[in-house]
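Colleague: what follows is a predicted protein model with its sequence.
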Amino acid sequence: MTADTSLASLALSELARDRALLGRTSTAERVAGILRERIAGGSFRPGVRLSEERICGALGVSRNTLREAFRLLTHERLLVHRLNRGTFVRVLTPADIMDIYRVRRLVECAALRELGDPPFRLDDVEGAVAAGEQAAAEGRWADCSTANIRFHQAVAGLAGSRRTDDLMRGVLAELRLAFHIMDDPRRFHEPYLARNRQIVRTLEAGDAESAERQLGFYLEDSRRQLIEAYPESTPD
């Protein structure tokens with residue numbers, strides 16, 4: 001049994017437990033939400049084929065419901081359908097990563113630029129930083145990655161726009177696909193913990209302009225690090 005096969009079997013067991021989350025009002029959106037979380041968490045890694053039969057059995061949903069969930073996630077660029085082969089977790093290209101970071105700079109930096117007068121409401125941002133620090137202290141690097149995503153979602157959330165929140169949720173979910181290529185998640189995520197904390201301190205001091213500048217350098221360093229680690233060629 002290969003490592004990917006073993007991981008997929010474990011993911012199906014986890015999906016069976018997720019079945020309780022669907023309740024009586026099972027919908028394609030809820031199925032998509034469960035799969036989105038499992039993909040983001042690495043249960044289904046980029047390039048893996050998703051078995052309709054096994055996922056339907058694990059979640060107790062119809063093929064029509066699952067296929068609609070697949071369509072939603074394909075629209076979000078998390079899955080890709082290949083004719084006569086099935087549905088796969090998408091593999092990002094370096095061009096995808098460049099574009100994701102372009103959007104992140106446009107949204108996250110603008111959220112800080114438009115904050116207005118201090119004090120700023122930083123509860124969600126602070127909570128995400130604290131969660132990341134706690135996860136790192138306990139060696140839970142996958143949870144540290146999740147907390148880091150929450151931090152950036154919270155930064156974008158300072159814009160106070162539901163549309164921006166929805167946009168960033170999709171962008172950051174797609175970005176998680178790229179994180180799976182990092183062989184050493186601690187080496188990748190740990191340096192950014194201190195930078196997250198520094199941005200919070202700068203915002204607490206009321207200096208949104210400096211915080212925006214710090215975030216811009218941060219995003220550029222992260223983008224460069226991912227691009228340098230990314231394979232030169234990726235599957236179609």
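Modeller: Right, received. Where do you want to start?
Colleague: the residue lying closest to residue 114 once chain neighbours are set aside and residue 50, how far apart?
Modeller: Excluding its sequence neighbours, the residue lying closest to residue 114 (Cβ to Cβ, 6 or more residues apart in numbering) is residue 159, at 6.6 Å. For the C-beta atoms, the positions are set from N, CA and C on the backbone; glycine is no exception. For residue 159, the distance to residue 50 equals 34 Å [Cβ to Cβ, to the nearest Å].
Colleague: domains for this structure, by residue range?
Modeller: 3-89, 94-229 (automatic domain parsing).
Colleague: rank the ones you listed by mean pLDDT and give me the bottom one.
Modeller: For the domains of the chain, the weakest mean pLDDT is recorded on domain 3-89, namely a mean of 83.
Colleague: how far off centre is that domain?
Modeller: Chain-centre distance of domain 3-89: 16 Å, with Cα atoms, centre = their mean, to the nearest Å.
Colleague: same check, this time on stretch 217-233
Modeller: A distance of 16 Å separates the centroid of the chain from that of stretch 217-233, by Cα atoms, centre = their mean.
Colleague: and the one helix or strand residue 146 maps to, how far out from the chain's middle?
Modeller: Residue 146 is part of helix 141-157 when elements are defined by DSSP states H and E. Helix 141-157 sits 8 Å away from the centroid of its parent chain (Cα atoms, centre = their mean).
Colleague: after it comes which helix or strand?
Modeller: Assigned by DSSP H and E, the successor of helix 141-157 is helix 162-179.
Colleague: and the helices in this protein?
Modeller: 3-22, 28-40, 52-59, 63-75, 94-104, 110-113, 123-137, 141-157, 162-179, 185-204, 208-229 (DSSP state H).
Colleague: and the last one, what's buried?
Modeller: The one in question is helix 208-229. Applying a neighbour-count criterion of 16 or more other Cβ atoms under 10 Å, the buried positions in helix 208-229 are 208, 211, 212, 214, 215, 218, 219, 222, 223, 226.
Colleague: pull that helix out as CSV, backbone CA atoms only.
Modeller: Output of helix 208-229 as CSV, limited to C-alpha atoms (Å, rounded to 0.1, in the frame of the first residue of the first chain):
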residue,chain,number,x,y,z
ALA,A,208,-1.6,50.9,10.0
GLU,A,209,0.8,52.4,7.5
SER,A,210,3.8,50.5,9.0
ALA,A,211,1.7,47.4,9.4
GLU,A,212,0.8,47.5,5.7
ARG,A,213,4.5,47.8,4.8
GLN,A,214,5.4,44.9,7.0
LEU,A,215,2.7,42.8,5.4
GLY,A,216,3.9,43.6,1.9
PHE,A,217,7.4,42.4,2.7
TYR,A,218,6.0,39.4,4.4
LEU,A,219,3.9,38.3,1.4
GLU,A,220,6.7,38.8,-1.0
ASP,A,221,9.0,36.6,1.1
SER,A,222,6.4,33.9,1.4
ARG,A,223,5.7,34.0,-2.3
ARG,A,224,9.4,33.7,-3.1
GLN,A,225,9.9,30.8,-0.7
LEU,A,226,7.0,28.8,-2.2
ILE,A,227,8.1,29.5,-5.8
GLU,A,228,11.7,28.4,-5.0
ALA,A,229,10.4,25.1,-3.4
